[in-house]
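Student: Prediction below, plus the sequence it came from.
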Amino acid sequence: MVFNQSAPPVGGWRTKIKYPKLLFLLLSILAAYFFFQTNFVKEFMGVFKGEGYILIFIAGFLFTYGFTAPFAVGFFISLAPQVNIFLAAPLAGIGAAFADYFIFRFIRFYFIDEFKELKLSFMFRNVSRLFDHHFGNRVKKYFLWVVAGLLIASPLPDEIGVSLLSGLTNINQKIFFVISFCLNTLGILFILALAP
């Protein structure tokens, strides 16, 4: 006796998620929100009362990376009443600048060959030519710096902004560190100032 077995549908039960990284980022934001609503966090903050600056520095380091930035913002908001924001923001800015510097060095060391190739690609040259034709080379450079600066200063993933600066400009590492510190400090100060 032969049983007629129908073939499973193409792709089986698995469905592909179109934007897994964006979904993961959204889930991390939601997780951070619910995490900072728990009593555990309030008790944890109570343990570190008077030592909030240590957590502020660590949160600054976390502020740089896309998936940990929501948790960093949660720490900033929770710790804002305990600290002097004008001391806390530069301290967190140093942590964030160190994290950005690690990304910068990593991209410069491992990805520079691909960035050189990217500059020669058809799409990149067309976009560059379009910018030069309508705005000029100087505006193109300013635009790159503004976009990278906004990404670094905000809780959005610094990896993109740092990649733009380290891969597409000839910026000196020390100057990059200072710029990263200033931008992150301003962004963090803004968050701390708005904390309830």
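Tutor: Yes, it's here.

Student: and F181, what helix or strand is that in?
Tutor: According to DSSP states H and E, F181 maps onto helix 173-194.

Student: Which residues does that helix contact?
Tutor: Applying Cβ atoms under 8 Å, 6 or more residues apart in numbering, the contact partners of helix 173-194 are 60, 63-64, 73, 76-77, 80, 83, 85-86, 88-90, 92-94, 96-97, 100-101, 104-105, 108, 149, 152-155, 162, 165-166, 171. Glycine gets a C-beta too; all of them are placed from N, C-alpha and C.

Student: Distance of V73 relative to F143?
Tutor: 27 Å (Cβ to Cβ, to the nearest Å).

Student: These two: who's more crowded?
Tutor: V73 (22 against 12; other Cβ atoms under 10 Å).

Student: That one in helix, strand or coil?
Tutor: helix (DSSP: H, G, I helix; E, B strand; the rest coil).

Student: Show the pLDDT at it.
Tutor: Here, the pLDDT recorded for V73 equals 89.

Student: can you check R129 too?
Tutor: For R129, pLDDT reads 70.

Student: What of F109?
Tutor: So F109 comes in at 70 (pLDDT).

Student: ditto for Q5
Tutor: pLDDT at Q5 comes out at 52.

Student: Please apply the same query to I94.
Tutor: Taking I94 on its own, its pLDDT is 96.

Student: pretty sure it contacts G60?
Tutor: Yes. Between I94 and G60 there is a contact under Cβ atoms under 8 Å: 6.6 Å.

Student: which residues does the residue nearest to L165 when sequence neighbours are not counted contact?
Tutor: Nearest non-adjacent residue to L165, counting by Cβ to Cβ, 6 or more residues apart in numbering: A148, 5.0 Å away. Neighbour list for A148: 160-162, 164-165 [criterion: Cβ under 8 Å, 6+ apart].

Student: same check, this time on F98
Tutor: F61.

Student: Okay, it and L144: tell me how far apart.
Tutor: Applying Cβ to Cβ to F98 and L144 gives a distance of 23 Å.
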